[in-house]
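*Asks:* Next come a sequence and a model predicted from it.
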Amino acid sequence: MTLIVSDISRYGIIMVGDSAVTRRMGGVKTVSDDAFKVQYADAANIGFAVWGNAGVPGRRMDYWINDFINDSVKGGASVEETGQKLATSLNEILEKSGREWKDLVRGVHLTGYRDGLPVLFHVHCGHEGEPSHELRLYHDYPDDQKWNEREFRSLLQDGFIHLRNGYHKLFGPLFQQALGYAEHLRREFKMEFPHHSLRGRFDFYKVLVKFIAGTLIASQEHPGVNEKLSAIAFDQSGLIINEQLVIPAGPVKAGAFDEFL
């Protein structure tokens, strides 16, 4: 399992992910901390955050994303074009594995700018509760919501929008409680949590992801989320905060279909 969160607002784009890799063998789960779940394509100013099954023939999913960015994401590429290319390329490879899509479920958040506004798209194998299928690009925000530009600008100006995957059922209640706590801090102490800035929102999500990691430890549950994070924040001008975990030079990490990011 994992926890990745991607957020868009008037301040810019934030993507935060842990580094846990869970492996299931013979009913036993083990975990390592060497995943690179958040990555950035400087050439096109597009962010990626990956979750789910780690298996790709010849390489692990996060290494595959790194190769895809280096080889296929060119300057001026749109988020739409990049997402479609990613889904098509990965489908061609995974279909050769002979496995059913229910055993290959994974996803990639894609973020970037279009016409001066941030967008938040998602390549995945189907929504929760529907049969799994090949990877498809979903235009979550704003297109799939049917918002016009005025409505979308207003939402970004007054608030935020985010996607979360992995341990989202633990993250959701924590996030709601954090909003209540933030209101208490504003009312009683004149504190802004998070601060009204890109850095403030960036640190806010890091705090929450680390809290989930600590919750699992304190509950003596499988540590499928950890505190070793990879995170970025950027706006239309490019990367502002870079805390990516860097994939080391050397042999490519082999993928396994019993591993999960």
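*Replies:* Nice, thanks for sending it over.
*Asks:* burial count for Ser32?
*Replies:* By the criterion of other CB atoms under 10 Å, Ser32 has 12 neighbours. For glycine as for every other residue, the C-beta is placed from the backbone atoms N, C-alpha and C.
*Asks:* oh sorry, the question was meant for Ser132
*Replies:* Neighbourhood size, Ser132 [other CB under 10 Å]: 14.
*Asks:* The spatially most central residue of the chain and Ile13: what is the separation?
*Replies:* With distances taken as CA atoms, centre = their mean, Ala49 lies nearest the centre of the chain, 3.2 Å away. In this view, Ala49 and Ile13 are 11 Å apart by CB to CB, to the nearest Å.
*Asks:* any residues in contact with both of these two?
*Replies:* Taking CB atoms under 8 Å, 6 or more residues apart in numbering as the contact criterion, the residues that touch both Ala49 and Ile13 are Ser6.
*Asks:* which residues are in contact with the helix or strand hosting the residue nearest to the centre of the chain?
*Replies:* Ala49 belongs to strand 46-52 when assigned by DSSP states H and E. Residues from elsewhere that reach strand 46-52 (CB under 8 Å, 6+ apart): 2, 4-6, 13, 15-17, 37-41, 61-62, 65, 69, 73, 77, 79, 82, 105-112, 124-125, 165-166, 232, 234, 260-261.
*Asks:* filter those residues to the buried ones?
*Replies:* Buried members of the contacts of strand 46-52, scored by 16 or more other CB atoms under 10 Å, are 2, 4-6, 13, 15-17, 37-41, 61-62, 65, 69, 73, 77, 79, 82, 105-112, 124-125, 165-166, 232, 234, 260-261.
*Asks:* Of these, which belong to strands?
*Replies:* Under the assignment DSSP state E, the buried ones among the contacts of strand 46-52 contribute 4-6, 13, 15-17, 38-41, 106-112, 124, 165-166, 232, 234, 260 to strands.
*Asks:* And the helices in the stretch 101-250 of the chain, which stretches?
*Replies:* Secondary structure of the stretch 101-250 of the chain by DSSP state H, counting those that start in this stretch: the helices cover 149-158, 168-189, 198-218.
*Asks:* who wins for proximity to Lys96 among these?
*Replies:* helix 168-189 (30.3 Å; CB to CB).
*Asks:* other SSEs contacting that closest one?
*Replies:* Where contact means 3 or more CB pairs under 8 Å, 6 or more residues apart in numbering; DSSP states H and E, helix 168-189 is packed against strand 3-9, strand 160-166, helix 198-218.
*Asks:* Check the offset of that helix from the chain's centre.
*Replies:* Per CA atoms, centre = their mean, to the nearest Å, the displacement of helix 168-189 from the mean C-alpha position of its chain is 21 Å.
*Asks:* Name the nearest residue to Arg199, sequence neighbours excluded.
*Replies:* The shortest distance from Arg199 to any residue other than its chain neighbours is 6.7 Å, reached at Ile241 (CB to CB, 6 or more residues apart in numbering).
*Asks:* Give me the pLDDT for that neighbour.
*Replies:* Here the pLDDT value assigned to Ile241 is 98.
*Asks:* quick one: it from Tyr138, how far?
*Replies:* Taken as CB to CB, the span from Ile241 to Tyr138 is 27 Å.
*Asks:* ok, those two, which is more surrounded?
*Replies:* A count of neighbours by other CB under 10 Å puts Tyr138 above the other of Ile241 and Tyr138, at 18 against 15.
*Asks:* my guess is that one contacts His122, does it?
*Replies:* Yes: the pair Tyr138 / His122 is scored as a contact, 4.9 Å apart, by CB atoms under 8 Å.
*Asks:* coming back round to it: compare the helices of the stretch 101-250 of the chain and give me the one nearest Pro131.
*Replies:* Nearest to Pro131, of all those, is helix 168-189, at 20.1 Å by CB to CB.
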